[in-house]
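Asks: Kindly return the folded structure for what I paste below:
(2 chains)
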Amino acid sequence: METLGQLAHGFAVALTPLNLLWAFVGVFLGTAVGVLPGLGPALTIALLLPITFSVDATGAFILFAGIYYGAMYGGSTTSILLNTPGESATIVTALEGNRMARRGRAGPALATAAIGSFVAGTVGTLGLTFLAPLVVEFALRFGPAEYFSLMVLAFVTVSAMLGASALRGLAALLVGLFLGLIGVDLQTGQARFTFGVPELLDGIDVIVVAVGLFAVGETLFLAAHPRPAEQAPLKVSGSLWMTRDDWRRSWKAWLRGSGIGFPLGSLPAGGAEVPTFISYFVEKKLSRRPEEFGQGAIEGVAGPEAANNASAAGVLVPMLSLGLPTSATAAIMLSAFQSYGISPGPLLFQNQADLVWGLIASLYIGNAMLLVLNLPLIGLWVRILSVPAPLLYAGILVFATIGTYGISQSPVDLLLLYAMGGMGYLMRRFDFPTAPVIIGLILGPLAEQEFRRAMTISGGDLTVFLSKPLSATLLALALLALIGPMLLRLRRRA
Amino acid sequence: MLWSRRQVLATGLLASASAAAPIRTGLAQAIEQLRIFVPANPGGGWDQTGRSMEMAMKSAGLIKSAQITNVGGAGGTVGLPQFINQWKGQGNALMVGGMVMVGAIIANKARNNLTETTPIARLTGEFQVVVVPAASPFRSMADLVAAFKADPAKVSWAGGSAGGTDHILAGMIAKAAGGDPRKVAYVAYSGGGPAQAALLGNQVSCGISGWGEFGEQVRAGKLRALGISADKRQPGIDVPTLREQGIDVELFNWRGVFAPPGISDAQRQSLLDLVDRMVKSPAWAEILKRYDWTDIYLPGDRYRAYIASETERIHAILKDLGLAS
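Replies: Numbers count the residues shown, from 1 in each chain, chains lettered A, B, ... in the order given. Okay, the predicted model is just below:
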């Protein structure tokens, strides 16, 4: 009950006209930067840090949190419409979302993403309000061994994205794993596969690869193999709004996505992408129509979109309750605390109750604002698709280029973007799936680093993965996820 | 490389424009618009330093405006060549840098190094702290070092990336205690957050980071501080130095500013004056307090000598750790 009283007080802080204005500016800006590939919430907040010299702390954090939540919304829009993910956590959304858009169902795809984000954002914020101490305790039990086992589980989810030929899918995964090796190795400080190019020392940005493979690759493919059907503007057939069937298929996916995203997001080294992979896998395996996946299944948008928004709320759990910066955005928000002379740490809830509860209350408000802001925009967004294909794809190319340049103003990133685009074209041409490349690139380095950390701590003893109960459970889950569906199929056949 | 050509052209124009319209106030030539080069992305320590300098100089009325350019990546070694080659001869430019860059230049075998710039002044330092989880049996540095010497594989050290400030301190401690730095079971994390989580969750034996990262957890009793790498006890922090505990190690993660190569003596002097007046301004004192930065101001030629000795010292310890040849 104490929590409710503090939350009520938080709403009193967040509902002042000025703070409402900050929340609105935040979600609006966030949506905009989410739409632009490359310009993410971390960079945006970093560029806005100087406002901490003139705006009060509560207002500034309400603004920052709005940007953070808004970016998760905005990122899905371009994933669905243009196959150009604005954020790494919305890459999975592009898989089914863009297929839906191609089949004239952009409206329902955007709607299920927006409503799912709202549902998940609210569920996540509720979790942040009431469960933070519990979740933190659970999260701290994750050591390198547990993380590695979690990554193994996440790798199994690739099996849902391999496409028609497992061999081609695995080849694509290996390409991703290789790309993930490029850069300075964290554990030894040695450069790997950088060929003396200093820009490669920090590794390859996932967004550059995703945008290159998806957007640039597809543009090249369409230019090289024009089909009459693709030349005509994409038709937006049927309703803009979700049908009864869409609702029926979406709501469970939203809740499952929230349930996956929130706890995984609160893990200090979990990352926002892993829950989206797992959610996609779960939805495909639970769906009565798995054959629709890859062709535009609405669950494949609803689940991962919910997962990424719930994980955004999860990230705030260790940040607010322990003062741990567990994502790039959280790290920058913590450095903003410093410029107010507020020490972010385990005492934040006690020492800065006004600020923390005002911030949490503003998350509820910001979420509602985002829904109100995004739903009417759907009608406007889908009209982008009525632009004739050559113009649309030329636009996508420009958009992808500007966004990539925005990441680091580095010409090397642009070269990489087009190299990836060329590879994306060849992969399409020879029928290789592109999603496994991204999964390899994201999961490979995480799994490798956690494995080596676990080995350093255990002194090279491989049994740690099985002797720790949590780690063993995760590995068992991974095994189940891998062979469970096969066994089911065998039984059905028998 | 159309882009870099345009950049050169633009900077050339700027330089000639500022040469054409010199502004004179007082003794040295005043700088109206300062250009600050930050070889890191927005948000980190160097960026904070650059932006704080802008604020302090403006509020002290030393400059009219400042323009900050961020070129991040690889511990500053992506930005450094650009500063040396494209900003050459610009008398109104300062680059932020520090100890991390010295280490990165050696570890990444970078083509350029800091001797090619014009060092202006060392400004701030952050001392490091060695912590253990609250439930750890280690109560002092002596306990930790004894356990390390008994079986190095049983003591895991969490910190930032390999070869960075935290790893360097771990190596120095091991060496000072008579152990082998290469045997340090160092667990590198990409940021302070995950490293802190590993400590709070009792996953590692001990951890090293800047006081700014761990201080709050120590104050809250979640982590126990065994020793700090400062030269003397710090006001308000009840933690003994490493040296007090018989480990002859002192380390500051220092930050300073550099001017481009090829500037005239008069230009160098006016930058030295500018920084000197900033350091003595009340606004700067306020900033040091806010970020818990220690004032270790060291200008001009002594700074140049300091960089040379730091480079040697860090190179030696990276060699001990097996990260440099």
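Asks: element containing the spatially closest residue to A:Pro37 that is not a sequence neighbour?
Replies: Excluding the flanking residues, the one nearest A:Pro37 by Cβ to Cβ, 6 or more residues apart in numbering or on different chains is A:Gly403, at 3.6 Å. For every residue, glycine as well, the C-beta is placed using N, CA and C. Using DSSP states H and E, A:Gly403 maps to helix A:389-408.
Asks: could you point out which element follows that helix?
Replies: helix A:411-429.
Asks: Packing partners of that next one?
Replies: Using 3 or more Cβ pairs under 8 Å, 6 or more residues apart in numbering or on different chains; DSSP states H and E, the elements in contact with helix A:411-429 are helix A:206-211, helix A:217-224, helix A:389-408.
Asks: Please identify the most buried of the ones you listed.
Replies: helix A:206-211 (a mean of 27; mean count of other Cβ atoms under 10 Å in any protein chain shown).
Asks: name the helices or strands packed onto that one?
Replies: By 3+ Cβ pairs under 8 Å, 6+ apart, helix A:206-211 packs against helix A:91-102, helix A:389-408, helix A:411-429, helix A:435-458.
Asks: what angle do the third one and helix A:217-224 make?
Replies: It stands for helix A:411-429. 60 degrees (axes from the mean of the first three to the mean of the last three Cα atoms, to 10 degrees).
Asks: ok and helix A:411-429 relative to helix A:435-458, angle-wise?
Replies: 120 degrees.
Asks: Could I get the buried residue list for helix A:411-429?
Replies: Neighbour-count burial for helix A:411-429, with 16 or more other Cβ atoms under 10 Å in any protein chain shown as criterion, is recorded at A:412-414, A:416-418, A:420-421, A:423-425, A:427-428.
Asks: near chain B at all, the helix or strand containing A:Val136?
Replies: If you go by DSSP H and E, A:Val136 is part of helix A:132-140. Yes: judged by Cβ under 8 Å from any Cβ of the partner chain, helix A:132-140 comes into contact with chain B at A:Ala139, A:Leu140.
Asks: now that helix, how far from the chain's geometric center?
Replies: Relative to its chain's centre, helix A:132-140 lies at 22 Å (Cα atoms, centre = their mean, to the nearest Å).
Asks: residue contacts, A:Gly379?
Replies: Going by Cβ atoms under 8 Å, 6 or more residues apart in numbering or on different chains, A:Gly379 touches A:Gly107, A:Leu240.
Asks: That one belongs to a helix?
Replies: Yes: counting by DSSP: H, G, I helix; E, B strand; the rest coil, A:Gly379 is part of a helix.
Asks: Distance check, it against chain B.
Replies: Distance, A:Gly379 to chain B, by Cβ to the nearest Cβ, to the nearest Å: 36 Å.
Asks: For the stretch 101-250 of chain B, which segments count as strands?
Replies: B:118-133, B:156-159, B:185-188, B:206-210, B:223-228 (DSSP state E, counting those that start in this stretch).
Asks: about what we covered before: against which helices or strands is whichever helix or strand comes after the helix holding A:Val136 packed?
Replies: Next helix or strand after helix A:132-140 toward the C-terminus (DSSP H and E): helix A:144-156. In terms of contacts (3+ Cβ pairs under 8 Å, 6+ apart), helix A:144-156 is packed against helix A:273-286, helix A:435-458, helix A:464-467, helix A:469-493.
Asks: Of those helices, which is nearest chain B?
Replies: Chain B lies closest, by Cβ to the nearest Cβ, to one member of the helices and strands packed on helix A:144-156: helix A:435-458, at 4.6 Å.
Asks: and that closest one, anywhere near chain B?
Replies: Yes: Helix A:435-458 lies within reach of chain B by Cβ under 8 Å from any Cβ, at A:Gln449, A:Arg453, A:Thr456, A:Ile457.
Asks: could I get that helix in CSV with only the CA atoms?
Replies: Coordinates of the C-alpha atoms in helix A:435-458 are reproduced here as CSV (Å, rounded to 0.1, in the frame of the first residue of the first chain):
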residue,chain,number,x,y,z
ALA,A,435,17.5,-12.9,-40.4
PRO,A,436,20.0,-15.5,-39.1
VAL,A,437,22.9,-13.1,-40.0
ILE,A,438,21.5,-10.6,-37.5
ILE,A,439,21.0,-13.2,-34.8
GLY,A,440,24.5,-14.5,-35.2
LEU,A,441,25.9,-10.9,-35.0
ILE,A,442,23.9,-10.1,-31.9
LEU,A,443,24.1,-13.4,-30.0
GLY,A,444,27.6,-14.5,-31.0
PRO,A,445,29.6,-11.9,-29.1
LEU,A,446,27.3,-12.1,-26.1
ALA,A,447,27.6,-15.9,-25.9
GLU,A,448,31.4,-15.8,-26.5
GLN,A,449,32.1,-13.2,-23.9
GLU,A,450,29.9,-14.9,-21.3
PHE,A,451,31.4,-18.3,-22.0
ARG,A,452,34.9,-16.9,-21.5
ARG,A,453,34.0,-15.0,-18.4
ALA,A,454,32.5,-18.2,-16.9
MET,A,455,35.7,-20.1,-17.8
THR,A,456,37.9,-17.4,-16.2
ILE,A,457,35.9,-17.5,-13.0
SER,A,458,35.7,-21.3,-12.8
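Asks: so who does the closest residue to chain A within the stretch 101-250 of chain B touch?
Replies: Distances between the stretch 101-250 of chain B and chain A by Cβ to the nearest Cβ are smallest at B:Glu216, namely 2.6 Å. B:Glu216 makes contact with A:Gly323, A:Ser343, A:Pro344, A:Gly345, A:Pro346, A:Leu347, according to Cβ under 8 Å, 6+ apart.
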